[in-house]
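Participant: Structural data only, the sequence is not supplied:
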């Protein structure tokens, strides 16, 4: 365990960030899954779900949870699936 005050603070900050990153990552996975399910079911709201997913993915990239190119790749692939429907 950390012995210095700064190391203790760093450990607390890391834990806080880990939990926040985990929540954001889970949210990204869920919206991606929602879009894919909408495409499979030929749902009319696939475009709306895609727009919601873009917003969540872009926020994750802005916060540094996802790399910006990873986010762009995810959005691109989802867009292709929705447009092919």
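Facilitator: That came in fine, so what should we check first? Source: prediction; values computed, not measured.

Participant: how about the helices of the protein, start to end?
Facilitator: Ranges of helices within the chain are 5-40, 46-63, 68-84, based on DSSP state H.

Participant: The first one - contacts with which helices or strands?
Facilitator: In terms of contacts (3 or more Cβ pairs under 8 Å, 6 or more residues apart in numbering; DSSP states H and E), helix 5-40 is packed against helix 46-63, helix 68-84. Where C-beta positions appear, they are placed from N, C-alpha and C, glycine not excepted.

Participant: how about low-confidence regions in this protein?
Facilitator: When residues are selected by pLDDT under 70, those of the chain lie in 1.

Participant: what residue is smack in the middle of it?
Facilitator: Geometric centre of the chain, nearest residue: residue 28, 2.9 Å, by Cα atoms, centre = their mean.

Participant: Give me the distance between that one and residue 4.
Facilitator: Taking Cβ to Cβ, to the nearest Å as the measure, residue 28 falls 35 Å from residue 4.
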